[in-house]
Structure formats: structure tokens, C-alpha cells
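Engineer: Structure of the sequence below:
(3 chains)
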Amino acid sequence: MSWVTWRQYRLQGTIAAAVLAAFAAVILVDGIEIAAHWHTLLVACAGSSACLQREPRPTLVNGVVSDLPYISLIVPAVLGMLWGAPLVANELETRTSDFAWAQSVTRARWLTAKAGWLLLAAAVCGGVISALTTWWSGPNNALQASAFQPGQFDTQGIVPIGYAVFAMALGIAAGTIARRTLPGIAVALGGFIGLRVVISDLLRPHYMPAVTTYYRLTSSFAPSGQAWVFSQGAVSKSGQVVAAGWGNVYSVLPATCQKLFNNVAPPSKSGNLAPLMSCMQANGWRGFVTYQPASRYWPFQGIETGIYLLLAAALIAVTFRIVRKRDA
Amino acid sequence: MSTAIETRALSKRYRRVSALTECTITVPEGRLSALIGPNGAGKTTLLRLLAGMASPTDGTAAILGDAPRQDPAFLAEVGYLAQEIPLYRRFTAEDHIQIGAHMNPRWDAAFVRTRLAELRIPLDQRVGTLSGGQRAQVALTLTLAKRPRLLLLDEPVAALDPLARRNFLATLTSAVADAEGGLTVVLSSHLVTDLERVCDHLILLAASRVQLCGDIDTIMAEHKVLIGPRKDTAPIERTHTVVQTVTTARQSSLLVRLGGPVIDPAYQVEDVSFEELVLAYMGADDAAAVRHLTTVGED
Amino acid sequence: MNWLVWRQYRTQGALALALLAAFTAVALWQGFQVASQWHSMVATCAGNSQCLRPGDLIRGVANGVPYLTLIVPVVLGALWGAPLVASELESRTSDFAWSQSVTRVRWLAVKAGWLLLAAAACGGVVAALVTWWSGPENAQLANAFISPQFDTQGIVPIGYAVFAMALGIAAGAVVRRTLPAIAVVFAGFIGLRYVIDGFIRPHLMAAVTTYFNVTGNFSPPGAAWVLNQGAVSPTGQAVSEVYGFWLYATLPASCQKLVPGGAPTKGASSSLNALYSCMQANGWREFVTYQPASRYWPFQGIETGIYLLLAAALIAVTFAIVRRRDA
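Structural biologist: Residues are numbered from 1 along each chain as shown, chains lettered A, B, ... in the order given. Below you'll find the predicted structure:
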């Protein structure tokens, strides 16, 4: 049965391996350059974090190659569509199921072998791409403290493995239920994108309750390490919250503080916010930051991967049930 | 008499395989022609070339006096039914009727509806859920509804039960008769007895080449079985073409194509049945099959 | 022939229309919220441009919507374009369709014509909605000329959609099998967009480079597309940042002493002025290389034209194949 699977998928497997190799080559070359830059930075700054924290931060990542990790976000969906959806659907459409299921192999065993290899292939693809992207992003993450940000979080660590396995399972299930390849592909694509958006934007912030820290406006506070900041700004004595951004703040300030506003210049050159900050503080305003601490990065990775793997398992269970029970 | 089909050295090669080799045939208008041959002989290839579905690698073909071309008027004249019963599985028979009405200048929708009603095939059921035989009937009826002047049918009765087969062939013969020379049919099949009953013209392919092409009556008159003692057949071969030799211990029977009168008194001359004739030509091996051909019965 | 197209695509067309309607509803609802927020901000700030600092106009999920629309062309090309010819050949219904009294050319012209039109319409509607919805954000951040704003607004999405559809149709005709054709659409579309986006678009017209005093200030007006900026030494050595790590190493020692050691907190300290004066005294200048905002529509037009031309070439190839090749 493994041989049968290999024989059916060897062309696609070869192509996928080739594309993966090309991706790896580009990322490796660029990543080595980035790493060299980074080491220069580290050596010159000799461990002084203030040196590294200068604004504006040094640029490490160049525009063109840096798009590749974002493009890799779609890889799980494509795998699920092109390999997963036709798994059962294509056999049913072309009636080769009449051949395959009349051999001396039970349908369950047939599905186990084929789906098993495809899910494994998806996990491997997801893992390889993630490993490369994580290594490549290392210096940039350290510099920009961005590993926990949406975008970076999705393309590094272990969650891409979860996405890939889920997308494959979704494709297989969709094709099995629809019994036709094209609708299966459409459902796999739509379902994957929809679920990713919902989980990333609506669920992920709440895996654990966020931490809110208040601080004096005349000093400063930034969560240490690579935290995930949801919102920051100022809160008045009466509890009125204003998100960071002067346009929002201006209108709710007392007049005494508003007068100080016109002295504020764009932050890139000289400009002095101190008087404004003191005024606000005197009027009972505090600063706040709501965030997930950097220490929660791996727990979040684990939770999200777990969610996707659980969904994948459920989909595969449904697929097995259908393949075993339904008329061919 | 005008010809419906006339080909000269029509050939089709796929890389290393020759599916059809130097096919030269003539089919006069108004004939119901049987296209016979073993599997892989080139019947489907020939029909697809004539229908314009594929283009030849060599040679020419003239359909109803013109080379096949992409032209609505020309396409309306030729009807083609492929072996795989090409219908849209998710569409109903009624949908196919509508499609035909929109895509053809002449379309007899009433004929399709009446005929399918007679056959008790529902019009509003998805074609993919009908049985194989029912699908074949739908496809055949749709092809006829186009009212073409030339019909090319690739094993149309293969999936039909014996009664349905007879029924369909009866429809076909009466359609040809009613058209009074305006409808020509080329029909490929393995069921030789059916074809003998219904057809008046024969095209026989074997090993990608044409072995026989002509009116059946003429062909039958030209072929005899010579039964006689075992002896040297060289004298016979000087005048006639020996198609097949069957020898027993005491006698041999030769199926020959007459090149003149049979003078040798040692031989008894008998008629050959259509089926024996066809089988004999189909069984000819490659070496013997490479023969120079003449079309029989041409005016 | 038009009836056949309708009959074959009516379910999918309805589905697509429903999705488009849902997207429109969400975009309109979100867009009106953002617009009203923007208007109250503008009114309160009463023309004080400092007041209009970037705030959280658009939050969370909605932020990602323009990125999602990047995928619309690919979906159209993969799910509708690729099966057009390939599916008919795979299931042999081409034997039925092409033995009616309609030439292959006419058959393809009508089917492909409607699909390309639908692609253009989808692309146009989505682009129009995203453009309108992004209005406030564009005004506030002046980012219309930057990817992905440039890619999801204006008229280029129409070019992308038509191109992806043509790519799908051509791939299906060449490969003759639906699934490989879909793969070609994904790989080809993403690959081409990546190449044109990253390597060709910046050079559609020669960029403008403006030099100015380090102690002064210059940023290209309006929604320009800044390709590169930084400081250039008297010897012509350019560094792509102003006051940053890489610059430090190239500064003369007299100026290096003036680089503040700690991180600026709330707003830069005024000692930077001394650094800038030093740099200027040593012959340094700042530069910005950019495409001016006025070139936004020419760039939109050129890029759309490129994609439409490619689409036309692909369609021409498709016609040649469908006419000549064996069914």
C-alpha cells in the first residue's frame, strides 16, 4: 500500500521537493548574509543593549526576500487543495475506486496508508519551511522584538506544522464529503483561510488573559523581550482610555495640556514631549500597555498548534467514517 | 453518384505508433456502412479523423465533397458519437436537448422527447445517474436529432440489450431509407450479424490498414471458398488472391478473392458467409495484411 | 452558446455573487465606521496636521482584509479558468460540445469571454470597495503607493484578475488536466507577481533622488513611494539610514563622539542637532530616492497594461491550441 501511494504521488512529490529545495536555497543564502550583519552588530555593540535599541533600528531584512515567508503562508492551503482534496474525490470521480476498493485491502487500510503519508508529507513541508524561516528571522526577531507579532508568529516555530496538517486534513475531508475534486478544493481553500483568520485574530489574543501594566507618563515602560503588545496609550483618572496616537488624545485633553500640543514635532527629529507628558500626569493620566509577555510565546505556539492538530484529527475521523460506510 | 466520404492515404501517427496507415476509402452517399475490425485496428482513429476531432499526419479526406473544416454549416452536416458516451453527467436529458437547440441550426427536439418517452427514459434525471444502456440511448438520440447528412457512430450499440439494439438499428435503417440518399451512416461494431442485416457497405480495418472497402453485395460476389484436394496452390494464386487457407489431412479450403473465373475442376466453388469472410480478413497477420488495395464496387 | 455558458456556470456564479455580496456588506459596514471616525478626527483637529498622528483607525481583523483580496485573482483562475478546457477534455464532453454546429473557436470565444469578463468584474468590485474603504487610512498614512495598498486598490486588481483567469484557461488547454493546471495557476501567478512586484515595478520610471541638508528636513509630499533613504558622505558613499548603526561606522570621529549613547525615550533629545550639524559641516547630505505621488496613476496604468498584455498573449496561445490540437 505504501508502494501504491508512492507510485501515485511520485511526480507531485518530486515537484514539491524541488520547490522546497529552491525555497531553502534562497532562504539559506539570504539568511547567512543577515546572520553576518547581525554578528557585526553584536560585536560592535559588545553586549550593550542600549546600542542595539537605538532608534531607528538598523535594517537587517531586505524587501524582496522578506516577502517569501509571507508567501509561504499559503503553502499549507495549496498542499491541502492539490493533494488532499483529490485523494478520495478523484478516485470516486474517475471510478478508480471501483478498482482500488475491490482489491484485497480494506477501505480503512487504504485510507490510512494514503492519508497517513499525505499528512506526514504536509507536516514535513510545514516543518522544513518553518525551520528555515525561523532561523532566517532570528536576527531580525532579536532586533525588532517581533517574534510574537502576528505575521512572524504564524510563519515560525511549530504552528506552521499545525497549519499544514490541518489544511491537508481539511482538503481530504472536503473532497470526501463533496465527492468531487473542484468543490473540495474550493471548500478547502475557503475553509482554511476563514479559520486561520478567525483563530489568529479572534481566538489567539485570548489563549491566556492579557497583562495590563500602568506606569507614570513621565517615565517609560516597554514589556521586556519579544512581547506581543495589543494596545497602549493613556488612561485618565476617570478611567477614560485613549489609544496611542495623538489624534485620539488631543480631543480629550484638558485645555491646559492641549496648548502644549503645537510644540510637538514629528518624532524623527528633535522635539520635546516632556512638558506634555508632565501636564497629563499632573492631570491624573497614566500610561498603560496591554500585552502578552514574551514568556508566553512557546505556550501560545503549543496551544495554537494543538488546536489545529485537534481539528485535523476530527476531520480525519469524519473522513474515515464516510469512506467506510458510504456507497462507493 | 456523389461520395459522402473519400480519403486518400489518410494516416495518423502518434510518435512511434501508427494508428492508421494509408487509408484510402470511398463511401458513396446514402450508404449504411459497417466499420469492422479487431480492437486496436484503427476504427476509432478513422472516425475521429473524419469527424474533425483529430487531424491526420498524412493524406487527405473529403467529407461531403469538402475537406473537414471548422465552419458551422459544415459542422451541422456531420454527426459524431464517441465510444465513451460523452454527456455532461450533471445535466439532465432535457438540458442536453436545450444545449443542442442552442448550438445547432437544425434541431429536432420533439424527436428526442418522443423517442426517450417511448424508451421510458426520464428527461429530468441527471444523465450520470442513468444506466449505461440508457445513457447510450440518450446520446444516440441526441446525435440523430441534429439531422446531419453524415453520421459517424463509434460502437453505438455496445451497451444496449438485444431488443434495444434491434430497435435502434431499425430506426437507423428507416432514417436512411426515408432520407432517400440524403443520409449516410458509418457504424462501427463487433456484432457482425447485426451489421450484415442492416448495412450495405463495408469498411474492414486490420493492423491499422484498410483490408476491404466496398458494397457488401459486390464483395460477397467476389469472394468464394474453393474446396479441393491438398496440392500446390500456386496456379490458383496466379489468377486469384488467397485470403485464407484451411488444411485438413485430406483437403484444403481456400478463401479466395476472385480475379477471374475458376477453371480448375479439382476445386468445388462455394459461397462464403459474411461472418467467415470478415473473420478471415480480421485474422490475417501483419505480413499478409500489407497488400496493395483496390476499392471494390466503385463506379 | 451563451445559454450553455449560463447553464454550466449558474450555480457557481450564484455562489460567487453571494460571496461578493457578503464581502461588500462587510466592507461597507466597516468602511462607514472608519470613515465617520476619520471625519470626527479631522473635525476635532481642525486642520492641525500634527494632530492627525496615526491612531488606531482600523483594528484587528479588518486590518487583514486587503491582504485577503490579494488571493481573489488566483482563486478565480484556479477554480474557473483551469477547468474551462481541461475539464471538458478530461471527461470527454469535448466530444459532445465540439461535434455540435459551433466551431471550437466560437465555443472558446464565448466561454472564455464570459469568464474573463467575470474576472474583470470581480476584480473591479473588490478593488473599488477596498479603495473606498482605505480612503481614510491612505489620507492618514500616505501609503497608497506602497505594497500591498498599491496591489489591492485602483485598477491593478482588475489586471491581476484577468491575467490569472487567462493563465488558468491557457494552463488547462496546454496541460489538458485540471489539477496540474490549478497548480500552474498558483505557481505562475504568485511567481510572476513576486517578480514584477519586487523587481520590475520600482523601475517602471526612473526614480527621483533629492538631496537636502542633514540639519533640514524633507519628505516627498503626498503619497509618494520611498524606495531608499539615508545619508551620503562627501565621497559619495551612501548609507541607507539616518543616524543608525551602519552610519556610525562611516562617520568621522568628530561626529561619532556626538552620537547619544542611550535610547531616546519620549521623543528625541536635542543633542541630535549637534550631531546633524557636525555631519553637515563634514560635507554629508541626506537623500531620499522615491517615486513621486503624481506617478501613482501612471504606475497603476502601466502595471495593469503589463498584466493585460500577458493575458492577451495567453489567450492567443489558448486559441491556437484549441483550434489545432486533436480533441
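Engineer: Which residue ranges of the stretch 101-250 of chain B form strands?
Structural biologist: Ranges of strands in the stretch 101-250 of chain B, per DSSP state E, counting those that start in this stretch, are B:150-154, B:184-188, B:201-206, B:209-215, B:223-229, B:241-247.
Engineer: so which of the ones you listed comes closest to chain A?
Structural biologist: strand B:150-154 (20.4 Å; CB to the nearest CB). C-beta: built from backbone N, CA, C; applies to glycine.
Engineer: what about that closest one, near chain C?
Structural biologist: No: figure legend: strand B:150-154 not in contact with chain C (CB under 8 Å from any CB of the partner chain); closest approach 8.8 Å.
Engineer: quick one: buried residues of that strand?
Structural biologist: Under the neighbour-count criterion of 16 or more other CB atoms under 10 Å in any protein chain shown, strand B:150-154 has B:150, B:151, B:152, B:153, B:154 buried.
Engineer: got the contact list for it?
Structural biologist: B:4-5, B:43-44, B:47, B:50-51, B:63-64, B:77-83, B:140, B:143-144, B:183-188 (CB atoms under 8 Å, 6 or more residues apart in numbering or on different chains).
Engineer: Paired strands for that strand, with orientation please.
Structural biologist: Note on strand B:150-154: by DSSP bridges, its sheet partners are strand B:78-81 (parallel), strand B:184-188 (parallel).
Engineer: Against which helices or strands is the strand or helix carrying residue C:140 packed?
Structural biologist: Residue C:140 belongs to helix C:135-141 when assigned by DSSP states H and E. Applying 3 or more CB pairs under 8 Å, 6 or more residues apart in numbering or on different chains; DSSP states H and E, one finds that helix C:135-141 contacts helix C:2-45.
Engineer: and the helix it packs on, what's its mean pLDDT?
Structural biologist: Helix C:2-45 carries an average pLDDT of 83.
Engineer: and residue A:103, how many neighbours does it have?
Structural biologist: Residues near residue A:103, counting by other CB atoms under 10 Å in any protein chain shown, number 10.
Engineer: hang on, the earlier thing: possible to save the strands of the stretch 101-250 of chain B as a markdown table with mean pLDDT?
Structural biologist: Formatted as a markdown table, the strands of the stretch 101-250 of chain B follow (pLDDT from 0 to 100):
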| stretch | mean pLDDT |
| --- | --- |
| strand B:150-154 | 94 |
| strand B:184-188 | 94 |
| strand B:201-206 | 93 |
| strand B:209-215 | 91 |
| strand B:223-229 | 88 |
| strand B:241-247 | 84 |
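Engineer: Generate a markdown table for those, with distance to residue A:227 as supplementary columns.
Structural biologist: Listed next are the strands of the stretch 101-250 of chain B as a markdown table, based on distance: least, CB to CB, whole Å:
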| stretch | distance to residue A:227 |
| --- | --- |
| strand B:150-154 | 72 |
| strand B:184-188 | 76 |
| strand B:201-206 | 79 |
| strand B:209-215 | 81 |
| strand B:223-229 | 96 |
| strand B:241-247 | 93 |
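Engineer: which residue does the stretch 101-250 of chain B bring closest to chain A?
Structural biologist: Taking CB to the nearest CB, the stretch 101-250 of chain B has residue B:128 as its residue nearest chain A, at 10.4 Å.
Engineer: That residue is in contact with residue B:92, isn't it?
Structural biologist: No: the criterion here is CB atoms under 8 Å, and residue B:128 misses it with residue B:92 at 9.9 Å.
Engineer: which one of the two has more residues nearby?
Structural biologist: residue B:92 (19 against 12).
Engineer: got the contact list for the closest residue to that one other than its chain neighbours?
Structural biologist: Distance criterion CB to CB, 6 or more residues apart in numbering or on different chains; nearest residue to residue B:92, sequence neighbours excluded, is residue B:124 at 5.2 Å. Counting by CB under 8 Å, 6+ apart, residue B:124 makes contact with B:92, B:93, B:94.
Engineer: what bridges to the first one?
Structural biologist: According to DSSP bridges, residue B:126 are recorded as the beta-bridge partners of residue B:92.
Engineer: separation between it and chain A?
Structural biologist: 18 Å (CB to the nearest CB, to the nearest Å).
Engineer: That residue: what's it in contact with?
Structural biologist: Contacts of residue B:92 by CB under 8 Å, 6+ apart are B:123, B:124, B:125, B:126, B:127.
Engineer: what's the closest of those residues to residue A:258?
Structural biologist: Distance to residue A:258 across the contacts of residue B:92 (CB to CB) is lowest for residue B:126, with 72.2 Å.
Engineer: how many other residues sit next to the closest one?
Structural biologist: 15.
Engineer: from what I can see it touches residue B:89, true?
Structural biologist: Yes: with contact defined as CB under 8 Å, residue B:126 and residue B:89 form a contacting pair (6.7 Å).
Engineer: got the contacts of residue B:92 as a markdown table, with pLDDT and distance to residue C:94 columns?
Structural biologist: Output for the contacts of residue B:92, formatted as a markdown table (pLDDT from 0 to 100; distance: CB to CB, whole Å):
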| residue | pLDDT | distance to residue C:94 |
| --- | --- | --- |
| B:123 | 94 | 24 |
| B:124 | 93 | 25 |
| B:125 | 94 | 23 |
| B:126 | 92 | 20 |
| B:127 | 91 | 16 |
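Engineer: nearest to residue A:289, of the residues you listed?
Structural biologist: Residue A:289 lies nearest to residue B:126 out of these, by CB to CB, at 61.5 Å.
Engineer: Return the distance of that closest one relative to chain C.
Structural biologist: 13 Å.
Engineer: Tell me who's in contact with that residue.
Structural biologist: Residue B:126 neighbours (CB under 8 Å, 6+ apart): B:89, B:90, B:91, B:92.
Engineer: Looking at those residues, which is nearest residue C:128?
Structural biologist: Nearest member of these to residue C:128, counting by CB to CB, is residue B:90, at 34.1 Å.
Engineer: Can you give me the buried ones in the helix holding residue C:140?
Structural biologist: Buried residues in helix C:135-141, defined by neighbour count with 16+ other CB under 10 Å: C:136, C:137, C:138, C:140.
Engineer: near chain A, anything from the helix or strand that that helix is followed by?
Structural biologist: The first helix or strand that comes after helix C:135-141 along the chain, using DSSP H and E, is helix C:149-152. No: with CB under 8 Å from any CB as the criterion, chain A is not reached by helix C:149-152; the gap is at least 11.4 Å.
Engineer: before we move on, back to that, pull the CA atoms of the helix holding residue C:140 into CSV?
Structural biologist: Output in CSV follows, covering the C-alpha atoms of helix C:135-141 (Å, rounded to 0.1, in the frame of the first residue of the first chain):
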residue,chain,number,x,y,z
GLY,C,135,-9.5,56.2,1.9
PRO,C,136,-9.1,57.4,5.5
GLU,C,137,-6.1,55.2,6.1
ASN,C,138,-4.5,56.4,2.8
ALA,C,139,-5.0,60.0,3.8
GLN,C,140,-3.6,59.5,7.2
LEU,C,141,-0.6,57.3,6.4
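Engineer: Count the neighbours of the spatially closest residue to residue C:175 that is not a sequence neighbour for me.
Structural biologist: Spatially, and ignoring its direct neighbours in sequence, residue C:175 is nearest to residue C:181 (4.8 Å; CB to CB, 6+ apart). When neighbours are counted by other CB under 10 Å, residue C:181 registers 27.
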